[in-house]
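Sequence first, then the predicted structure:
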Amino acid sequence: MVYGFMYYTLPGKSIMPNKNYADTDNWHRNVRTIAEHSKDKPLTRKVDTYEYQDLADCIRSDQVPASEIAEIFTDKAFYKWYKKKYFTK
């Protein structure tokens, strides 16, 4: 049992791979959804341009809670920069 979740392994296979949640597609979809819903809200937090990359690294490594991500993405300039750099597919 790990953190209240039980997982089983099959011979040579693991049901739960050794992967950080921040490295999963689901996490990236969640961040994008939060960003898309926050971009049209009134500005509540301005991000300085010299902080963009450091903040993006923190967001991408799952160090920033969802409520704070939503607040950060109200800064349209940061949202535009982040979208251009990380939401391209």
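Received the coordinates, thanks.

Now Lys83. Its backbone dihedrals?
Dihedral pair for Lys83: phi -60, psi -40, per degrees, to the nearest 10.

where do the helices sit along the chain?
For the chain, the helices defined by DSSP state H occupy 25-38, 52-60, 66-72, 76-86.

among those, which is nearest Arg45?
Across these, Arg45 has its closest neighbour in helix 66-72 (4.8 Å, CB to CB). To be clear about C-beta, it is placed using only N, CA and C from the backbone, and glycine gets the same treatment.

And that closest one, what does it pack against?
Secondary-structure packing of helix 66-72 (3 or more CB pairs under 8 Å, 6 or more residues apart in numbering; DSSP states H and E): helix 25-38, helix 52-60.

now those helices in a markdown table, with mean neighbour count, distance to Ala66 and mean pLDDT?
Converted to a markdown table, these look like this (neighbours: other CB atoms under 10 Å; distance: least, CB to CB, whole Å; pLDDT from 0 to 100):
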| stretch | mean neighbour count | distance to Ala66 | mean pLDDT |
| --- | --- | --- | --- |
| helix 25-38 | 14 | 6 | 81 |
| helix 52-60 | 15 | 10 | 92 |
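
now the helices of the chain in a markdown table, with distance to Thr44?
Shown next, in a markdown table, are the helices of the chain (distance: least, CB to CB, whole Å):
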| stretch | distance to Thr44 |
| --- | --- |
| helix 25-38 | 9 |
| helix 52-60 | 15 |
| helix 66-72 | 5 |
| helix 76-86 | 12 |
